[in-house]
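Undergrad: next come a sequence and a model predicted from it.
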Amino acid sequence: MPDKSRPTPGSTPARAASGGDGGTPADVLAGAQGGPRRSAGPQVRPRNGFDRFFEISARRSTVARELRGGLTTFFTMAYIVVLNPIILSGADVDGNTLPFGSVAAVTALVAGVMTLLMGVVGRYPFALATGLGINAIVAVFAATQLSWPEIMGLVVLEGLLITVLVLTGFRRAVFEAIPPQLKTAIAVGIGFFLTIIGLVDAGFIRRAQEGVVPISFGINGQLAGWPLLVFVVGVLLTSVLVVRRVKGALLIGIVVSTVLAIIVEAIADIGPTFTDDGINPRGWALQVPTLPEEVVATPDLSLIGNFSLFGGFERIGVIAALLIVFSIMIADFFDTVGTVTAVGAEGDLLDENRNLPRSQPVLLVDSLAAAAGGAASVSSNTTYIESASGVADGARTGLASIATGTLFLVAMFFSPLVQIVPSEAAAPALVIVGALMIAQIRHLVWDDMSLVIPAFLTIALMPFTYSITNGIGAGVISYVLLRAAVGRVREVHPLMWVISVMFLVYFALEPLQQLF
């Protein structure tokens, strides 16, 4: 049961300009947007029908702030247009490969269309694109068991199955059954997860090549290389802009860091990390920030519709194919739960029970995006945690998603320009947003170990296993077990038992696949 004596999000006194320990992350960023901090004051009358539809004034926002937030979200997650083709570039079991250019173009197309749909139907500032982690799972199955059309067919089935769960109300019921303690822990865990994503993307931390530690600091324990300098400058600059409450702090940080990266590359000619001659540890991690020779490129959309709905069942059997569908569905299902909870908390959009009001349209669009990604052969699309960067920069409504979606559609034709922004310039925004999100930790209950341990496992396993789903699964299973162990079974929602069983199956998928 929630502790009603503790403050709910948004109820803490606003942070003073000189510092202090009050105020939500959204309150702090409200000053950076130049607008008033949100409070429980009288409802603001909408200026017109457009304002009323998107609830811009009702959520204490402005059109300019929404557009700026949408732009920030796009630049923070635009890397997927390049990264997704890299992940899906391997050959399948039949030796076929997906064309790089077509995967990039269709990735941008599906992300643009589904994010626009989220803006119009869901009316929240959530952006969608091919799910990282899910696309890696898809690539592994393609390399070991199925052809690209067959695995994409299973992704379509997974998306359709989740859509049915949404239409029956089951997905929203699961969302609301998760207790406030775990929802807060999910938001905090994703804050740490975003931070480690940013640090890894920038090369600030790396897999250790030797020794007993699993990860290392920079290159051989040192911040060596110009790309790392760009990242560090970006973090420091963005931090200063945020604490000074400068409008569009995150977007300014990304743009300035990108300009610095272009100048550095022009002078030092660093090149990429992975070259034909081997690995250059001091190179740019993903995109080399150089001005393109051409600005416009004609998109290749030939991959759309290249899937086999039941081909996977014929190749590996019904049970094995169903286990694959289940594993993708669990990852997709709970990644979205975590993302919506975390981004909603960052924007102070959740109610007193840490639920997102009118979540059904959001979950429906997210489910359809999963099927759309499979049908377009670019893997399941899902709500992106990078949406938190736009929310931290002021976005509160679906208008921000319309801005982000439009930019993705434009990126289909201007993909050379999208590739200018290196991950080292975008990663600082993820680190700063992570810092803002972990402030939610003060809402956790700390005097009951049957609540502390599930929260801790949720928070710890997200960054340490690089998976939102793993963190939620560990938290749910331990919550049900420990609340039962202390005789608080009646406080456990019946659906939490169902979710626990689903996660037990999910974590045991490897032996189950070997068995069948």
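TA: Now that the structure is in, tell me what you want to look at. Keep in mind the model is a prediction, meaning the values are calculated, not measured. Numbers count the residues shown, from 1 in each chain.

Undergrad: switch to C-alpha atoms for all contacts and neighbour counts from now on
TA: Will do.

Undergrad: ok, the spatially closest residue to residue 195 that is not a sequence neighbour to residue 69 distance?
TA: Distances taken as Cα to Cα, 6 or more residues apart in numbering put residue 431 closest to residue 195, at 4.4 Å, once the chain neighbours are dropped. Relative to residue 69, residue 431 is positioned 17 Å away (Cα to Cα, to the nearest Å).

Undergrad: compare those two (neighbour count), which wins?
TA: Between residue 431 and residue 69, residue 69 has the larger neighbour count (other Cα atoms under 10 Å), namely 31 against 24.

Undergrad: how about the helix or strand harbouring that one: buried residues?
TA: Element membership of residue 69, judged by DSSP states H and E, is helix 63-77. Residues of helix 63-77 classed as buried under the neighbour-count rule (16 or more other Cα atoms under 10 Å) are 63, 65-77.

Undergrad: then stretch 458-477?
TA: Applying a neighbour-count criterion of 16+ other Cα under 10 Å, one finds 458-463, 466-477 buried in stretch 458-477.

Undergrad: export that stretch as PDB, just CAs?
TA: Backbone C-alpha positions of stretch 458-477 (Å, rounded to 0.1, in the frame of the first residue of the first chain) are rendered in PDB as follows:
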ATOM      1  CA  THR A 458      14.700  -3.100 -10.200                       C
ATOM      2  CA  ILE A 459      17.100  -0.100 -10.100                       C
ATOM      3  CA  ALA A 460      20.300  -2.200 -10.200                       C
ATOM      4  CA  LEU A 461      19.500  -4.700 -12.900                       C
ATOM      5  CA  MET A 462      18.300  -2.200 -15.500                       C
ATOM      6  CA  PRO A 463      21.800  -0.600 -16.000                       C
ATOM      7  CA  PHE A 464      23.800  -3.700 -15.000                       C
ATOM      8  CA  THR A 465      22.000  -6.000 -17.500                       C
ATOM      9  CA  TYR A 466      21.300  -3.300 -20.100                       C
ATOM     10  CA  SER A 467      17.600  -4.200 -20.000                       C
ATOM     11  CA  ILE A 468      14.500  -2.500 -18.700                       C
ATOM     12  CA  THR A 469      12.600  -5.800 -18.900                       C
ATOM     13  CA  ASN A 470      15.100  -7.600 -16.700                       C
ATOM     14  CA  GLY A 471      14.900  -5.000 -14.000                       C
ATOM     15  CA  ILE A 472      11.100  -5.000 -14.000                       C
ATOM     16  CA  GLY A 473      11.100  -8.800 -13.900                       C
ATOM     17  CA  ALA A 474      13.400  -9.100 -11.000                       C
ATOM     18  CA  GLY A 475      11.500  -6.400  -9.100                       C
ATOM     19  CA  VAL A 476       8.100  -8.000  -9.700                       C
ATOM     20  CA  ILE A 477       9.100 -11.500  -8.700                       C
END
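
Undergrad: oh, and call the first residue 6 from now on, that's how I've got it
TA: Happy to do that; since the first residue is 6 now, the last one works out to stretch 463-482.

Undergrad: next structured bit after the helix-or-strand element of the chain with minimal mean pLDDT?
TA: Counting by mean pLDDT, DSSP states H and E, the chain has its least confident helix or strand at helix 30-37, which shows a mean of 43. Note on helix 30-37: by DSSP H and E, the next helix or strand toward the C-terminus is helix 54-59.

Undergrad: list the buried residues of that following helix.
TA: For helix 54-59, using 16+ other Cα under 10 Å, the buried residues are 56, 59.

Undergrad: quickly find the element holding the residue nearest the centre of the chain.
TA: To find the centre residue of the chain, average its C-alpha atoms and take the closest one (Cα atoms, centre = their mean): that gives residue 390, at 2.2 Å. Using DSSP H and E, no element contains residue 390; it sits outside every helix and strand.

Undergrad: please name the nearest non-neighbouring residue to it.
TA: residue 344 (5.3 Å).

Undergrad: measure how buried the one you found is and give me the count.
TA: When neighbours are defined as other Cα under 10 Å, residue 344 has 23 of them.

Undergrad: and for the one 5 residues further on?
TA: For residue 349, the count of nearby residues is 25 (other Cα under 10 Å).

Undergrad: surely it meets residue 363?
TA: No: contact between residue 349 and residue 363 fails when scored by Cα atoms under 8 Å: they sit 12.0 Å apart.

Undergrad: residue 374 is in contact with residue 118, isn't it?
TA: No: if you go by Cα under 8 Å, residue 374 and residue 118 don't touch, sitting 9.1 Å apart.

Undergrad: looking at those two, which is more packed in?
TA: Remark: of residue 374 and residue 118, residue 374 carries more neighbours, 31 against 20, as counted by other Cα under 10 Å.

Undergrad: can you tell me the helix or strand for the more buried one?
TA: Secondary-structure element containing residue 374, defined by DSSP H and E: helix 365-380.

Undergrad: before we move on, what about residue 89?
TA: For residue 89, the host element (DSSP H and E) is helix 85-92.

Undergrad: for that helix, buried residues please.
TA: Residues of helix 85-92 classed as buried by neighbour count (16+ other Cα under 10 Å): 85, 86, 87, 88, 89, 90, 92.

Undergrad: cool, and stretch 435-447?
TA: Within stretch 435-447, the residues that count as buried by 16+ other Cα under 10 Å are 435, 436, 437, 438, 439, 440, 441, 442, 443, 444, 445, 446.

Undergrad: which one of those is nearest residue 196?
TA: Using Cα to Cα, residue 439 is the member of the buried residues of stretch 435-447 that lies nearest residue 196, at 3.9 Å.

Undergrad: is it true that that closest one lies in a strand?
TA: No: note on residue 439: no strand contains this position according to DSSP: H, G, I helix; E, B strand; the rest coil, which reports helix.

Undergrad: show the pLDDT at it.
TA: Per-residue confidence (pLDDT) for residue 439: 84.

Undergrad: residues in contact with residue 92?
TA: With contacts taken as Cα atoms under 8 Å, 6 or more residues apart in numbering, residue 92 has the following neighbours: 140, 141, 144.
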